[in-house]
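Q: After the sequence you'll find the predicted model.
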Amino acid sequence: MNANTGLSIEKAFMFKKLHLNLKNYKSGGNSPCLSEPVSPEERIIYKLPPEYSGSESHQKWDGYIPPCTLDAKEADHVFPIQTANIKVNNLYNGIEHCSDRWIELACETALKSVQEKGGPFGAVILQLDKETNQVIRYWKNFNQVTLTNDPTAHAEVMAIRSACKSLGVFNLGEIKKEDALLDQPGELSYCIIYSSSEPCPMCYSAICWANLKVLLFAATRFDAAVQGVNFSDEEIYNELATPYPDRNLKVLQCTAGNSLDAFNLWKRSAKITY
Ligand SMILES: [Zn+2]
């Protein structure tokens with residue numbers, strides 16, 4: 001037991017390591033917890049995802065089970081290794097897509113996050129030249145809810161924050177050369193997002209608000225829901241489809257006299273549209 005902290009030596013070591021990891025991570029970026037842009041060394045042309053079914057990269061649903069890449073010796077006997085995504089209600093029919101280096105990077109980021117005591121989720125945002133689809137740079141980030149005591153610090157939100165902060169824009173769907181803080185080869189570029197797991201409704205909304213053009217994810221929301229912890233988004237999806245009076249969250253619409261003041265003033269103001 002450490003006399004100063006009251007922690008066991010093992011726990012004190014873990015705490016120190018976690019603290020150091022977070023400190024190192026923070027010191028690397030221009031803002032705490034945000035990742036820096038990475039430029040690929042070779043010139044990569046991004047192959048646009050297909051218009052769903054019918055293309056060569058469309059993964060036909062035939063019961064294909066990808067090989068598990070986690071070392072079997074790491075498996076806990078209580079929790080056998082899961083190798084196939086859980087897909088129910090034909091929810092993913094027609095959108096299955098072959099793996100590529102970016103989705104694998106998002107999944108590697110999720111694994112690294114777990115190894116460093118973060119949540120098991122990772123995301124990668126690619127910035128692409130509009131004309132050539134050349135990959136200009138990318139950002140990767142991970143779930144930092146428990147590391148930062150921020151319930152909104154999901155991987156996708158953190159990746160969006162990283163990209164927007166670096167580029168100095170809030171619209172990742174159309175980035176003009178003259179608006180961006182980082183250089184780009186053509187006049188216009190845009191971003192797409194890879195997530196290690198199907199985004200929750202909050203992240204899905206953030207992706208829409210960021211105007212990201214394409215979303216690709218690996219694990220399904222049902223994979224997340226069976227991990228023995230509260231990662232289930234299904235409840236929120238159901239909640240959103242339920243009339244207000246029947247929701248778990250008590251929601252009330254208030255008849256405040258000044259509720260429209262801000263809108264009315266905004267209409268008459270010089271405004272930045274988004
Ligand atoms: Zn989320």
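A: On my side now, so go ahead. Just so you know, these numbers come straight off a predicted model, no measurement behind them. Numbers count the residues shown, from 1 in each chain.

Q: Low-confidence regions, this structure specifically.
A: 1-32, 49-67, 72-79, 227-231, 273-274 (pLDDT under 70).

Q: Spell out which parts of it neighbour the ion.
A: Residues of the chain found near the ion (Cβ under 5 Å from the ion) are 154, 200, 202-203. In this view, the C-beta of every residue, glycine as well, is placed from N, C-alpha and C.

Q: let's see 8 Å
A: Residues of the chain found near the ion (Cβ under 8 Å from the ion) are 121, 143, 154-157, 199-204, 206, 233.

Q: Narrow those to just the buried residues.
A: 121, 143, 154-157, 199-200, 203-204, 206, 233 (16 or more other Cβ atoms under 10 Å).

Q: and the residue of the stretch 1-150 of the chain found nearest the ion, what does it touch?
A: Proximity of the stretch 1-150 of the chain to the ion (Cβ to the ion) peaks at Phe121, 7.5 Å away. For Phe121, the contact set (Cβ atoms under 8 Å, 6 or more residues apart in numbering) comprises 110, 113, 142-143, 154-155, 195-197.

Q: Filter those residues down to the ones in strands?
A: 142, 195-197 (DSSP state E).

Q: want to try TSV for the residues you listed, with neighbour count and distance to Asn258 as columns?
A: Converted to TSV, the ones in strands among the contacts of Phe121 look like this (neighbours: other Cβ atoms under 10 Å; distance: Cβ to Cβ, whole Å):
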residue	neighbour count	distance to Asn258
Phe142	28	41
Ser195	29	40
Ser196	27	44
Ser197	28	41
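
Q: which stretches of the stretch 1-150 of the chain form strands?
A: 122-129, 135-142 (DSSP state E, counting those that start in this stretch).

Q: So which of the ones you listed has the densest surroundings on average?
A: When you average the neighbours per residue for each of the strands of the stretch 1-150 of the chain (mean count of other Cβ atoms under 10 Å), strand 122-129 leads with a mean of 26.

Q: Roughly how far does the residue nearest the centre of the chain sit from Asp183?
A: Centroid-nearest residue in the chain, with Cα atoms, centre = their mean: Glu156, separated by 2.0 Å. Applying Cβ to Cβ, to the nearest Å, the value for Glu156 to Asp183 is 25 Å.

Q: and Cys203, helix, strand or coil?
A: helix (DSSP: H, G, I helix; E, B strand; the rest coil).

Q: hang on, it packs against Arg161?
A: No - counting by Cβ atoms under 8 Å, Cys203 does not reach Arg161; the two are 11.8 Å apart.
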